[in-house]
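Asker: model this:
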Amino acid sequence: MAYLVDFKDMSTVGLETSPVAEALAGLRANEARYLKNKFDHDLVLEDAAQSAEVVQWVHNILLKERELEIASRPLQACVFEADGAKRAYVFYESGLSINVLYGLADGEKRAVGFKLSDGMEVPEELADKFKFARQKSKLAGTIRGSYFVIQGQY
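Answerer: Numbering: from 1, shown residues only. The predicted structure is shown next:
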């Protein structure tokens, strides 16, 4: 079932099993606000089981680019096109959010971004490979983020 993320009236719908559900809901709302303001796009997520193809695409990029396997269970995901790029989001039970920006034209930006919900530890699989910068958000508290540039074709 599709879920439209409301960044004005935050909800933990779909995230209830996360130990940091409130913070993850704030992170998800923060992403929804960004997409609405930047691209006039509503963030609509599906249960990760219904978006298995999206999750697999993201996991394939992580594995091939950085030999990364995310240990946490994906809860929600989506994929859409905006501003000439394919964009995917996956939200995990641990409080991790991964987004992929994949420019459709050759030479366009392609990157994977990681965001950690307030209160969660850095996942073991990311801890020794990335440094996380902090940013403040009214919706999400303190967000820690990192990214890498995609080299291959997906």
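Asker: Grab the CA positions of the helix or strand of the chain with the lowest mean pLDDT and hand them over as PDB.
Answerer: The helix or strand of the chain with the poorest confidence is strand 133-137; it has a mean of 88 (mean pLDDT, DSSP states H and E). Only the C-alpha atoms of strand 133-137 are listed here, as PDB (Å, rounded to 0.1, in the frame of the first residue of the first chain):
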ATOM      1  CA  ALA A 133      28.800  15.200   8.600                       C
ATOM      2  CA  ARG A 134      26.200  16.600  10.900                       C
ATOM      3  CA  GLN A 135      23.300  18.900  10.000                       C
ATOM      4  CA  LYS A 136      20.400  20.200  12.000                       C
ATOM      5  CA  SER A 137      16.800  19.700  11.000                       C
END
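Asker: ok, and what's touching it?
Answerer: For strand 133-137, the surrounding residues in contact (CB atoms under 8 Å, 6 or more residues apart in numbering) are 26-27, 30, 142-146. From N, CA and C alone the C-beta is placed, and that goes for glycine too.
Asker: next SSE after that strand?
Answerer: strand 141-149 (DSSP states H and E).
Asker: sec struct for the residue of the chain most remote from its centre, please.
Answerer: Here the chain reaches farthest from its C-alpha mean at Asp106, the gap being 23.4 Å by CA atoms, centre = their mean. State at Asp106, reduced to three classes by DSSP: H, G, I helix; E, B strand; the rest coil: coil.
Asker: Can you give me the pLDDT of it?
Answerer: With respect to pLDDT, Asp106 scores 90.
Asker: how far away is it from Glu31?
Answerer: Plainly put, Asp106 is 27 Å away from Glu31 if you go by CB to CB, to the nearest Å.
Asker: what ranges do the helices span in this structure?
Answerer: Assigned by DSSP state H, the chain shows helices spanning 21-39, 52-66, 124-127.
Asker: Can you tell me what sits against the last one?
Answerer: By that I understand helix 124-127. With CB under 8 Å, 6+ apart as the criterion, helix 124-127 contacts 68-71, 114, 146.
Asker: Restricted to strands, list these.
Answerer: Secondary structure from DSSP state E places 114, 146 of the contacts of helix 124-127 in strands.
Asker: Give me the buried entries from the contacts of helix 124-127.
Answerer: Among the contacts of helix 124-127, the ones that count as buried by 16 or more other CB atoms under 10 Å are 68, 70, 114, 146.
Asker: Among these, which one lies nearest to Trp57?
Answerer: Relative to Trp57, the closest of the buried ones among the contacts of helix 124-127 is Ile70; by CB to CB it sits at 13.2 Å.
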